[in-house]
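Peer 1: what shape does this take:
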Amino acid sequence: MADGEATATGKSQDDSDESHSEKVNRELIELINELRVALVGVQVLFAFLLAVPFAQGFADVTNLQKALYFVVLCSTAIASGLLVAPSAYHRINFRAKDKEQMLRTSNGLMIGGLVFVAVSIVGSVVLIADFIYGSTATSVACAVIGSAVFVGLWFVLPVVRRDSQVQPND
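Peer 2: Residues are numbered from 1 along each chain as shown. Next up is the predicted model:
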């Protein structure tokens, strides 16, 4: 974002009339909105995974597929926990008047949650590809492509973009 360019709220990132408290409040609202997006996806994936063992045909999976399923299930559970944690943290500490620390902690929890969501999605695709095609090459291709897409778009692109900009004093 260029200096003075407006955000979705209409304020620019470097508006001098935004106090530190207002900035923290805005950033907390942005984080909450981002969590809403991530939580829906992880909840749908988790619900699907919880139903899979009861589906016809699950008894026919290989030991490798069972192990992969368990890793994906656990990864999704961890992602759910990490993405819900900022709400619990906020609810327990919202009167502590330490929103900045809450924001920093919640930001870390969300990034950790996104790592586990990416692992869960890639693992699910690999599991389904292996179940349908039974090909190691297909499974490896899905893992490599999926990992590259998630790591590239979710982590590398934002970090490269952030690091390529001159940061004003935040």
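
Peer 1: may I see the buried residues of the longest helix along the chain?
Peer 2: When the chain is scanned for its longest helix (criterion: DSSP state H), the result is helix 99-133. Judged by neighbour count using 16 or more other CB atoms under 10 Å, the buried positions of helix 99-133 are 99, 102-103, 105-106, 109-110, 112-127, 129-131. Where C-beta positions appear, they are placed from N, C-alpha and C, glycine not excepted.

Peer 1: and for stretch 19-37?
Peer 2: Applying a neighbour-count criterion of 16+ other CB under 10 Å, the buried positions in stretch 19-37 are Lys23, Val24, Glu27, Leu28, Leu31, Leu35.

Peer 1: check what pLDDT the residue nearest to the spatial centre of the chain gets.
Peer 2: Nearest to the centroid of the C-alpha atoms of the chain, with distances taken as CA atoms, centre = their mean, sits Leu114, at 2.1 Å. Each residue has a pLDDT score; the one for Leu114 is 94.

Peer 1: that one contacts Val37, correct?
Peer 2: No: the pair Leu114 / Val37 is not scored as a contact, 10.6 Å apart, by CB atoms under 8 Å.

Peer 1: run a quick neighbour tally on Pro53.
Peer 2: 13 (other CB atoms under 10 Å).

Peer 1: can you tell me, leaving aside adjacent residues, what's nearest to it?
Peer 2: Counting by CB to CB, 6 or more residues apart in numbering, Tyr69 is the residue found nearest to Pro53 once chain neighbours are left out, at 7.8 Å.

Peer 1: and the strands in this structure?
Peer 2: Defined through DSSP state E, the strands belonging to the chain form an empty list.

Peer 1: what stretches of it score poorly on pLDDT?
Peer 2: 1-16, 166-170 (pLDDT under 70).

Peer 1: so how far is Phe131 from Val115?
Peer 2: The gap separating Val115 from Phe131 is 25 Å, by CB to CB, to the nearest Å.

Peer 1: actually Cys74, not the one I typed
Peer 2: 19 Å.

Peer 1: can you give me the distance of the closest residue to Ser147 other than its chain neighbours to Ala148?
Peer 2: Counting by CB to CB, 6+ apart, Val122 is the residue found nearest to Ser147 once chain neighbours are left out, at 5.6 Å. Using CB to CB, we find Val122 at a distance of 10 Å from Ala148.
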